[in-house]
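Student: Predicted coordinates and the sequence they were generated for:
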Amino acid sequence: MQRTAVQPALSLFRLRLASPLINSGLGVSLATVDLDGKPRVNDNSVDIGAYENQDRIFPGNFELLP
């Protein structure tokens, strides 16, 4: 299985940008912020894990060209 944490040996369990755990949560979260104090919901979904990935591949409000 591919590692999804940045440095698990150091207990840094933030998700890599390409992790399949990003936006894979059930959408039900009791917490409104993650362990860093950042919003728990990002891109209308939650990540699996204690930290919500705040990075985005594309900024919001972009348009795909045909």
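Tutor: Good, I have the coordinates. Numbering: from 1, shown residues only.
Student: Within the helices and strands, which one has the closest residue to D43 other than its chain neighbours?
Tutor: With Cβ to Cβ, 6 or more residues apart in numbering as the criterion, D43 has its nearest non-adjacent residue at 5.9 Å, and that residue is N23. Just so you know, the C-beta spots here come from the backbone N, C-alpha and C atoms, and that holds for glycine as well. Assigning secondary structure by DSSP states H and E places N23 outside every helix and strand.
Student: burial measure for N23, as a count.
Tutor: Number of residues near N23 (other Cβ atoms under 10 Å) recorded here: 17.
Student: you'd agree it is up against D47?
Tutor: Yes. Assessed by Cβ atoms under 8 Å, N23 is found in contact with D47 at 6.4 Å.
Student: list residues touching both of those two?
Tutor: Counting by Cβ atoms under 8 Å, 6 or more residues apart in numbering, N23 and D47 have no common neighbour.
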